[in-house]
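Novice: Pasting a predicted model and its sequence here:
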Amino acid sequence: MAKTKTQFVCQSCGYPAPKWLGRCPGCQAWNTFVEERVMEEKAPERDLLGFEAGAVPTAITEIISEEKGRFQVGIGEFDRVLGGGIVFGSVILVGGDPGIGKSTLLLQMMSHLTSTGKKVLYVSGEESLQQTKMRADRLGVSSNHLFVVSETSLEKILQDIQMLKPSAVVVDSIQTIYASDLPSTPGSITQVREASSRLLYLAKHLSIPIFLVGHVTKEGFIAGPKVLEHMVDTVLYIEGEANHAFRILRAVKNRFGSTNEIGIFEMKDSGLVEVVSPSEFFLSERTRATSGSAVIASIEGSRPILVELQALVVPGHYGVPRRTSQGVDANRVSLLVAVMEKRLGIPLLNQDIFLNIAGGIRVEEPGADLGVIASITSSVKNRPVEPDLVMFGEVGLGGEVRGINRSEIRVKEAARLGFQRCLLPRANQEKLRGIQGIELIGVRSVQEAMEKLF
């Protein structure tokens, strides 16, 4: 009989230690070591799923290409984030905060697949069959091609997949699955790594796409070993605020598509509904003729999104002025405030500045610089920006307004929504002479831009 021993394993990075440590030497995390039993003797090497072993190196010129392509989910925003659809044999990890809508979105996805005649399997490790049925009834999901099993045993799940041979599988969640031949508890580093590797092995051999739902830590990262994100083909995060109805599906890794695309959904009683026109959604409650408000044209992936940027500047009552921003990088805001003081001569040393993007969306690109300066200046002067004007442009430390990429689709989106004028860098204006229905106002510096606005 094999002897057993115990070791302590960090649940953040998998660092092993012979005794308990308060701080992990690998990732510097505190109180993450958990005692796990390990086998001294290695089990005999065997194939994970019983497939024939003995792979040999093959010249790439001798490999027969077998391109099966993709198949679409039927949810436009979901297909956009995946890069055009689901790739056969891919493993997709979906993470997000509790209650954000991971199970809801995936169950809706399975429903769309069954409407095309595909057979799918939903593995629930957290809910019973009756609870999953209640969720399906609320979402209006009902199909003879949708199979549900409440199971946490990895061996039983692998057996069900090989027997049923579905077109897609959802495992909700990977932290609840355990292999019986491992002594550690479900959710531990060892169990998550082993369960993921066996499911990955199965997906590649049977060309079945598998969706893994992953829990997240309080920092917002997927719980378990970081190697889990390296193993899978695609990592998706569902983002959103508790007090906002919209959810953003974002890809942080995608071997078969761009990681810049996002999908926008609105949470309703019937589940997650895709938002076809995000710009109209984010500008629907915009207040006109209010100081400190400016509309900027940003880019998320290949899609233009117009959002409202709001600024509030009030006298500070403490020694150090506050610089609070939501949706815009705080360091970038501090840099632009310094440019305003130096190039525009606006005294902001004793002013508290609060900046917010309405709707809760986050804009990372430098094309929002001109809108940040315009909204702050509007609040300082207490003079509103014209409600029919949209703007974009990067601002340098010298006060120059630099050109940015993809200006044409930004201007066309603004014209589609009824904006009459667009403030943009002069370098971009020269390339957009042919666009009709909107007046283009090109500027070379922030001084010139503020003169045009105010």
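Specialist: Good, I have the coordinates. Residues are numbered from 1 along each chain as shown.
Novice: who does the longest strand anywhere in the chain pair up with?
Specialist: Criterion DSSP state E: the longest strand present in the chain is strand 303-315. Here strand 303-315 is paired, per DSSP bridges, with strand 293-300 (antiparallel), strand 351-357 (antiparallel).
Novice: Format the CA atom coordinates belonging to that strand as CSV.
Specialist: This file holds the C-alpha atoms of strand 303-315, laid out as CSV (Å, rounded to 0.1, in the frame of the first residue of the first chain):
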residue,chain,number,x,y,z
ARG,A,303,-16.8,49.3,-32.7
PRO,A,304,-17.3,53.1,-32.1
ILE,A,305,-19.0,54.0,-28.8
LEU,A,306,-20.1,57.5,-27.9
VAL,A,307,-20.2,58.2,-24.2
GLU,A,308,-20.9,61.2,-22.0
LEU,A,309,-17.9,62.5,-19.9
GLN,A,310,-18.9,64.5,-16.8
ALA,A,311,-16.7,66.8,-14.8
LEU,A,312,-17.3,68.7,-11.6
VAL,A,313,-14.7,71.2,-10.3
VAL,A,314,-15.3,72.8,-6.9
PRO,A,315,-13.0,74.7,-4.5
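Novice: So what's the model's average confidence on that strand?
Specialist: Averaging pLDDT along strand 303-315 gives 93.
Novice: Of all the residues in that strand, which ones are buried?
Specialist: Using 16 or more other C-beta atoms under 10 Å as the test for burial, strand 303-315 gives Arg303, Pro304, Ile305, Leu306, Val307, Glu308, Leu309, Gln310, Ala311, Val313. All C-beta atoms are positioned from the backbone trio N, CA, C, and that covers glycine.
Novice: just for the chain, where's the confidence low?
Specialist: Low-confidence segments of the chain, defined by pLDDT under 70: 1-4, 39-55, 65-68, 242-243.
Novice: longest helix anywhere in it?
Specialist: helix 189-206 (DSSP state H).
Novice: Pull out the buried positions in that helix.
Specialist: So for helix 189-206, counting by 16+ other C-beta under 10 Å, buried means 189-196, 198-203, 206.
Novice: Could you list every helix and strand in contact with that helix?
Specialist: strand 4-10, strand 91-96, helix 154-164, strand 210-214, helix 227-231 (3 or more C-beta pairs under 8 Å, 6 or more residues apart in numbering; DSSP states H and E).
Novice: which of the buried residues of helix 189-206 lies closest to Gly292?
Specialist: Val192 (47.3 Å; C-beta to C-beta).
Novice: biggest separation within the buried residues of strand 303-315, which pair?
Specialist: That would be Arg303 and Val313, which, of the buried residues of strand 303-315, are the farthest apart (C-beta to C-beta) at 31.4 Å.
Novice: which residues are contacting the longest helix of the chain?
Specialist: For helix 189-206, contacts defined as C-beta atoms under 8 Å, 6 or more residues apart in numbering pick out 9-11, 14, 36, 48-49, 51, 89-91, 154, 157-158, 161-162, 165, 169, 171, 174-175, 177-179, 182, 184-185, 208-210, 212, 224-225, 227-228, 231-232.
Novice: Buried ones from the residues you listed, can you make that a ChimeraX selection?
Specialist: This is how ChimeraX selects the buried members of the contacts of helix 189-206, with burial counted by 16+ other C-beta under 10 Å:
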select :9,10,11,14,36,49,89,90,91,154,157,158,161,169,171,174,175,177,178,179,182,184,208,209,210,212,224,225,228,231,232
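Novice: Tell me how far Leu355 lies from Ala374.
Specialist: 12 Å (C-beta to C-beta, to the nearest Å).
Novice: Compare neighbour counts for these two and give me the winner.
Specialist: Ala374 (28 against 24; other C-beta atoms under 10 Å).
Novice: I'd say that one and Leu453 touch.
Specialist: Yes: between Ala374 and Leu453 a contact is recorded at 6.0 Å, counting by C-beta atoms under 8 Å.
Novice: Residues that sit against both of these two, list them.
Specialist: Val385, Leu423.
Novice: rewinding a little: figure out how far the longest helix of the chain is from the centre of its chain.
Specialist: 23 Å (C-alpha atoms, centre = their mean, to the nearest Å).
Novice: Could you dump the buried residues of strand 303-315 into a markdown table with distance to Asn405 added?
Specialist: Output for these, formatted as a markdown table (distance: C-beta to C-beta, whole Å):
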| residue | distance to Asn405 |
| --- | --- |
| Arg303 | 14 |
| Pro304 | 12 |
| Ile305 | 15 |
| Leu306 | 17 |
| Val307 | 18 |
| Glu308 | 23 |
| Leu309 | 20 |
| Gln310 | 26 |
| Ala311 | 25 |
| Val313 | 31 |
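Novice: Nice, that's everything, thank you.
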